[in-house]
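Chemist: What follows is a predicted structure for the sequence shown.
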Amino acid sequence: MPESHDNLRLEIGHVLFIDIVGYSKLLTEEQKERLGQLTSIVLGTAQVRDSSDEQLVRLPTGDGMALVFRRSAEEPARCALEIAEALQKHPELPVRMGIHSGPVSEMTGQRAPIRTFPFLDGFKVRSWFRVYSHVSQPDSHLCSFRLAVAATNARRGG
């Protein structure tokens, strides 16, 4: 039975998109190795390690992942900086990272395309990902204006 729009709960998600550049051109074993390296680096960051399942949603994307932070617009930026620092030791692992904040809704049950993970949906987040994946270059880090404003306001206490 479809979920009613009246039951949809929107919240602001602060999303860090990460993907491996050239992933589809790698051999299967190389893909597994690189994705394993990236996953280890991401799981080793303080923001991911110290967050509960309620504070952070981790979504695999095939050639990377999306991390949806629910507490602060600064968290994905700090996480991206920590990842970028760790990647300096791994020149064989070129990645793109993009950060955006926008309304998301968690879907479960029949509406969730991946049943083992919560699925977050939001038009602005999908739009941002499309832009990010077309304009960003290897080793680039993009931040949406909305996220920059939210992080600035959080620092000012407003």
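Modeler: Yep, that arrived.

Chemist: Just the buried residues of the lengthiest helix in the chain, please?
Modeler: Criterion DSSP state H: the longest helix present in the chain is helix 28-43. By neighbour count with 16 or more other Cβ atoms under 10 Å, helix 28-43 contains the buried residues 31, 34, 35, 37, 38, 41, 42. In this view, the C-beta of every residue, glycine as well, is placed from N, C-alpha and C.

Chemist: cool, stretch 74-94 as well?
Modeler: By 16+ other Cβ under 10 Å, the buried positions in stretch 74-94 come out as 74-80, 82-83, 86-87, 93-94.

Chemist: Now do residue 42 against residue 11, distance only.
Modeler: Residue 42 sits 22 Å away from residue 11, going by Cβ to Cβ, to the nearest Å.

Chemist: wait, I meant residue 76
Modeler: Relative to residue 11, and taking Cβ to Cβ, residue 76 is found at 15 Å.

Chemist: Check residue 87 too.
Modeler: Separation of residue 87 from residue 11 (Cβ to Cβ): 30 Å.

Chemist: Which of the helices and strands in this structure ranks last by mean pLDDT?
Modeler: Least confident helix or strand of the chain, by mean pLDDT, DSSP states H and E, is strand 119-121 with a mean of 47.

Chemist: Looking at the buried residues of stretch 74-94, which is nearest residue 55?
Modeler: residue 75 (8.5 Å; Cβ to Cβ).

Chemist: if I pick that closest one, what's in contact with it?
Modeler: 14, 47, 51, 69 (Cβ atoms under 8 Å, 6 or more residues apart in numbering).

Chemist: In helices only, show me those.
Modeler: Per DSSP H, these map to helices at residue 47.

Chemist: Pick out the most distant pair among the contacts of residue 75.
Modeler: 14 and 51 (11.7 Å).

Chemist: For this structure, which segments count as helices?
Modeler: Along the chain, counting by DSSP H, helices occupy 28-43, 46-49, 74-87, 123-135, 145-156.

Chemist: and those helices, which one's lowest on average pLDDT?
Modeler: Comparing mean pLDDT across those, the weakest is helix 123-135, with a mean of 54.

Chemist: Sweet, I'm off.
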